[in-house]
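K.L.:
coordinates only, no sequence provided:
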C-alpha cells in the first residue's frame, strides 16, 4: 500500500512505477551546488 503522503506522486506515475521506486536506493556523490540541493530534497521526501 502506498502511504498517503505519496498519493500525488502515485497519480503522476501510477501505482506500479511508484511501487518499483519505493524499493530503490539513492547515492549522491558530491555535495556541491546541485548535489546539496538534491540531497536536501531527497531527505525532505522521507528517503
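P.N.:
Sure, I can see it. Quick caveat, the model's predicted, so the values are computed rather than measured.
K.L.:
who's in contact with stretch 16-29?
P.N.:
Stretch 16-29 is contacted from outside by 2, 6, 9, 10, 13, 35, 38, 39, 42, 47, using Cβ atoms under 8 Å, 6 or more residues apart in numbering. (Glycine included, C-beta is placed from N, CA and C.)
K.L.:
against residue 33, how distant is the first one?
P.N.:
Per Cβ to Cβ, to the nearest Å, residue 2 is found 32 Å from residue 33.
K.L.:
these two: which has the busier surroundings?
P.N.:
Between residue 2 and residue 33, residue 2 has the larger neighbour count (other Cβ atoms under 10 Å), namely 12 against 8.
K.L.:
for the more buried one, what are its contacts?
P.N.:
So residue 2 contacts 10, 15, 18, 19, 22 (Cβ under 8 Å, 6+ apart).
K.L.:
sorry, back to before: lowest pLDDT pick from the contacts of stretch 16-29?
P.N.:
Lowest in pLDDT among the contacts of stretch 16-29 is residue 47, which has 49.
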